[in-house]
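okay, structure incoming, though there's no sequence with it:
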């Protein structure tokens with residue numbers, strides 16, 4: 001195989017992931033067929049099987065590809081937090097929200113479709129193990145940092161709030177035309193400006209609250 005052929009193969013693989021990510025974000029995982037992807041990418045119908053093997057393996061490849069990108073952004077924040085014994089809860093949550101918001105704003109690299117893609121994966125329980133595996137190294141570091149700044153929380157309560165936070169951030173940031181934005185457009189125009197900061201405010205309150213539910 002020549003270098004040129006190898007480069008063409010890499011280009012086709014990336015093109016397929018970009019197209020699939022966009023379609024999955026728009027229609028959901030089950031709403032997109034392999035033929036939809038290859039037609040949109042203008043490549044042979046056999047390309048998915050050649051480069052990935054199956055639709056599920058394509059989903060896994062997209063997750064791995066983007067996890068590395070988002071993880072690199074998040075690692076910069078986590079490095080600073082881990083080297084700072086006095087890091088605050090808000091700083092930890094900034095490391096959680098801001099890299100996602102930056103990815104969603106990346107129209108040149110197609111990042112705006114990535115968060116919608118994650119929401120589509122979250123809506124499909126069959127693919128959840130793939131998502132957990134792709135993001136596990138970064139999730140583990142974040143869980144350690146979060147535990148350090150929320151010692152008042154029961155571990156199970158902390159994990160529940162983190163799961164809720166992940167879902168909220170992906171859905172709200174990843175769906176600019178979604179229900180939250182539609183509600184605010186009618187009820188409070190402009191309230192979703194500086195959305196990442198407002199989400200961090202909200203989550204800081206959520207993780208600051210006690211896990212003791214007694215009145």
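Nice, I can see it. In this text the structure is predicted, and so the values were computed from the model without any measurement. Numbering: from 1, shown residues only.

how many other residues sit next to residue 107?
9 (other C-beta atoms under 10 Å). In short, each C-beta sits where N, CA and C put it, glycine included.

quick one: list the elements packing against the strand or helix carrying residue 182.
Assigned by DSSP states H and E, residue 182 belongs to helix 179-187. Contact partners of helix 179-187 among helices and strands, from 3 or more C-beta pairs under 8 Å, 6 or more residues apart in numbering; DSSP states H and E: none.

C-terminal to that helix, what's the next element?
Following helix 179-187 in sequence order, the next helix or strand is helix 195-208 (DSSP H and E).

which helices and strands does that next one pack with?
helix 89-104, helix 155-174.

and the first one, how far from the chain's centre?
What it means is helix 89-104. 11 Å (C-alpha atoms, centre = their mean, to the nearest Å).

now do it: everything it contacts.
Contacts of helix 89-104 with the rest of the structure, by C-beta atoms under 8 Å, 6 or more residues apart in numbering, involve 66, 69-70, 73-74, 77-78, 80-81, 84, 111-112, 114-115, 142, 145-146, 148-150, 165, 169-170, 173-174, 195-196, 199-200, 203-204, 207-208.

quick one on the thing from earlier: turn the helices and strands packed on helix 195-208 into a markdown table, including mean neighbour count.
Shown next, in a markdown table, are these (neighbours: other C-beta atoms under 10 Å):
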| stretch | mean neighbour count |
| --- | --- |
| helix 89-104 | 21 |
| helix 155-174 | 17 |
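
kindly reformat those as JSON lines containing distance to residue 28.
Listed next are those as JSON lines, based on distance: least, C-beta to C-beta, whole Å:
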{"stretch": "helix 89-104", "distance to residue 28": "18"}
{"stretch": "helix 155-174", "distance to residue 28": "13"}
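
would TSV of the ones you listed with mean pLDDT and distance to residue 180 be doable?
What follows is the helices and strands packed on helix 195-208, written out as TSV (pLDDT from 0 to 100; distance: least, C-beta to C-beta, whole Å):
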stretch	mean pLDDT	distance to residue 180
helix 89-104	93	14
helix 155-174	91	5
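
quick check: which of those is nearest to residue 188?
helix 155-174 (14.5 Å; C-beta to C-beta).

the lowest-mean-pLDDT helix or strand in the chain: which residues count as buried?
Sorting the helices and strands of the chain by mean pLDDT, DSSP states H and E puts helix 3-27 at the bottom, at a mean of 82. Applying a neighbour-count criterion of 16 or more other C-beta atoms under 10 Å, the buried positions in helix 3-27 are 12-13, 15-25.

what's the angle between that helix and helix 155-174?
Angle of helix 3-27 versus helix 155-174, following axes from the mean of the first three to the mean of the last three C-alpha atoms, to 10 degrees, is 100 degrees.

need the next SSE after helix 3-27, C-terminal direction.
Assigned by DSSP H and E, the successor of helix 3-27 is helix 34-41.

neighbouring contacts of that next one?
12, 15-16, 19-20, 22-23, 44-45, 47-48, 55, 58.

ok so, going back, let me have the buried residues of helix 3-27 in a markdown table, adding distance to residue 181 as columns.
What follows is those, written out as a markdown table (distance: C-beta to C-beta, whole Å):
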| residue | distance to residue 181 |
| --- | --- |
| 12 | 35 |
| 13 | 33 |
| 15 | 30 |
| 16 | 30 |
| 17 | 27 |
| 18 | 25 |
| 19 | 25 |
| 20 | 25 |
| 21 | 21 |
| 22 | 19 |
| 23 | 22 |
| 24 | 20 |
| 25 | 16 |
